[in-house]
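Trainee: Quick one, fold the following:
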Amino acid sequence: MSDKQKILIVDDDPDIVEAMKVVLESRKYDVSVAGSGEEGLALAKSVRPNLIILDVMMETGSKGFEVSRKLNADEDLMKVPILMVTAIKEKTGIGFSHESGDDAWLPVDEYVEKPLKPGELIKKVEALLKKNPA
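Mentor: Residues are numbered from 1 along each chain as shown. I've put the predicted structure just below:
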């Protein structure tokens with residue numbers, strides 16, 4: 001059995017996924033990938049990740065919202081930290097933050113805007129894993 005911490009990336013953009021996967025695997029994380037919200041939910045249940053990186057806009061413009069709520073409602077997955085990645089602000093001008101109370105309807109631990117620099121990705125991942133060690 002591996003001692004590596006498991007990270008699940010749920011995103012339908014293969015270029016973004018590959019970039020994040022390379023960065024995370026270089027830091028010795030065990031990375032699983034799902035290309036859709038439903039695949040992500042199923043994989044989360046089987047893999048039991050330590051952290052989930054979740055895109056907002058996948059099959060639909062709000063699929064990430066739906067997935068985050070389903071993860072939060074699942075007794076086995078509700079404590080897994082979620083790092084939500086989004087390009088919504090760039091595309092619509094609308095952003096998210098815990099300060100504005102968005103976590104009341106969007107249960108994630110942290111938000112980051114795409115494109116994400118490798119150093120910022122590692123910093124966010126490490127901070128969330130320290131806050132919620134599994």
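
Trainee: Okay, helices next: where are they in the protein?
Mentor: Taking DSSP state H, the helices of the chain run over residues 14-26, 37-47, 63-73, 88-92, 118-131.

Trainee: need these in TSV with mean pLDDT, distance to Pro81 and mean neighbour count, can you?
Mentor: No exception for glycine: its C-beta is placed from N, CA and C like everyone else's. Listed next are the helices of the chain as TSV, based on pLDDT from 0 to 100; distance: least, C-beta to C-beta, whole Å; neighbours: other C-beta atoms under 10 Å:
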stretch	mean pLDDT	distance to Pro81	mean neighbour count
helix 14-26	95	14	15
helix 37-47	96	12	17
helix 63-73	90	10	19
helix 88-92	48	20	13
helix 118-131	94	4	15
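
Trainee: Output those helices as TSV; include the columns distance to Asp3.
Mentor: Shown next, in TSV, are these (distance: least, C-beta to C-beta, whole Å):
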stretch	distance to Asp3
helix 14-26	15
helix 37-47	15
helix 63-73	24
helix 88-92	36
helix 118-131	13
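
Trainee: Got the confidence number for Met1?
Mentor: Note for Met1: predicted pLDDT of 44.

Trainee: ugh, wrong one, Leu116
Mentor: Predicted confidence (pLDDT) for Leu116: 86.

Trainee: pLDDT score for the closest residue to it other than its chain neighbours?
Mentor: Nearest non-adjacent residue to Leu116, counting by C-beta to C-beta, 6 or more residues apart in numbering: Val85, 6.2 Å away. Val85 carries a pLDDT score of 90 in this model.

Trainee: Identify the residues contacting Val85.
Mentor: Taking C-beta atoms under 8 Å, 6 or more residues apart in numbering, we find Val85 in contact with 11, 16, 53-56, 111-114, 116.

Trainee: and it, bridged to which residues?
Mentor: Asp55, Val112 (DSSP bridges).

Trainee: Local confidence estimate at the residue nearest the centre of the chain?
Mentor: In the chain, the centroid-proximal residue (C-alpha atoms, centre = their mean) is Ile53; its distance is 1.5 Å. In this model, Ile53 is scored at 97, pLDDT.

Trainee: Confirm for me that it is in contact with Asp11.
Mentor: Yes - the pair Ile53 / Asp11 is scored as a contact, 7.2 Å apart, by C-beta atoms under 8 Å.
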